[in-house]
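Participant: please find the sequence and the predicted model below.
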Amino acid sequence: MTTYGNPQTGLLVVWTDPAKEEVTAMANEERFGGNAVAWHEQKVRKYAEEKDIKATKGRIRKPAHIGGVDPTEREHITVTFKLGSKDLGARHVYTDAK
């Protein structure tokens, strides 16, 4: 697992190894403005703030993708939130990509 961010300044965002591999492959996509990691982390932090999720950690399990269990689901990032060692569950963070 790869860790980014500073836990002293808010939500610590970590990546599972498979998610990190996937986001690395997305690095050249223009929509990420040259930094796919930062783009994903910003979306996760904004979501946690807007939804008032009282988490200390957000683990990105799958970077931006369409579908999944529901093949028609719009683009989202799959994230598991935790408060200390307490699992707060997985969420889909919609990216609002058209």
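Facilitator: Cool, the structure landed.
Participant: so what touches the strand or helix carrying residue 48?
Facilitator: Residue 48 belongs to helix 36-50 when assigned by DSSP states H and E. The contact list for helix 36-50 (CB atoms under 8 Å, 6 or more residues apart in numbering) reads 4-5, 10-11, 13, 15, 23-24, 26-27, 29, 31-33, 53, 55, 58, 60, 63-64, 77, 79, 81, 91, 93, 95. The C-beta positions use only the backbone N, C-alpha and C, and glycine is treated the same way.
Participant: if we use 7 Å, what do you get?
Facilitator: Outside helix 36-50, the residues that touch it by CB atoms under 7 Å, 6 or more residues apart in numbering are 4-5, 10-11, 13, 23, 26-27, 29, 32-33, 55, 58, 60, 63-64, 77, 79, 81, 93, 95.
Participant: would you write a ChimeraX line that selects the buried entries of the residues you listed?
Facilitator: Per 16 or more other CB atoms under 10 Å, the buried members of the contacts of helix 36-50 correspond to this ChimeraX selection:
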select :5,11,13,23,26,32,55,58,60,63,64,77,79,81,93,95
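Participant: what segments of this protein are helices?
Facilitator: Secondary structure of the chain, counting by DSSP state H: helices at 17-25, 36-50.
Participant: the last one: how far from the chain's middle?
Facilitator: Meaning helix 36-50. Averaged C-alpha coordinates place helix 36-50 at 6 Å from its chain's average position (CA atoms, centre = their mean, to the nearest Å).
Participant: how near is the spatially most central residue of the chain to residue 72?
Facilitator: By CA atoms, centre = their mean, the chain has its centre lying nearest to residue 60, at 4.2 Å. For residue 60, the distance to residue 72 equals 22 Å [CB to CB, to the nearest Å].
Participant: please apply the same query to residue 91.
Facilitator: 19 Å.
Participant: cool, residue 89 as well?
Facilitator: As for residue 89, its distance to residue 72 is 22 Å (criterion: CB to CB).
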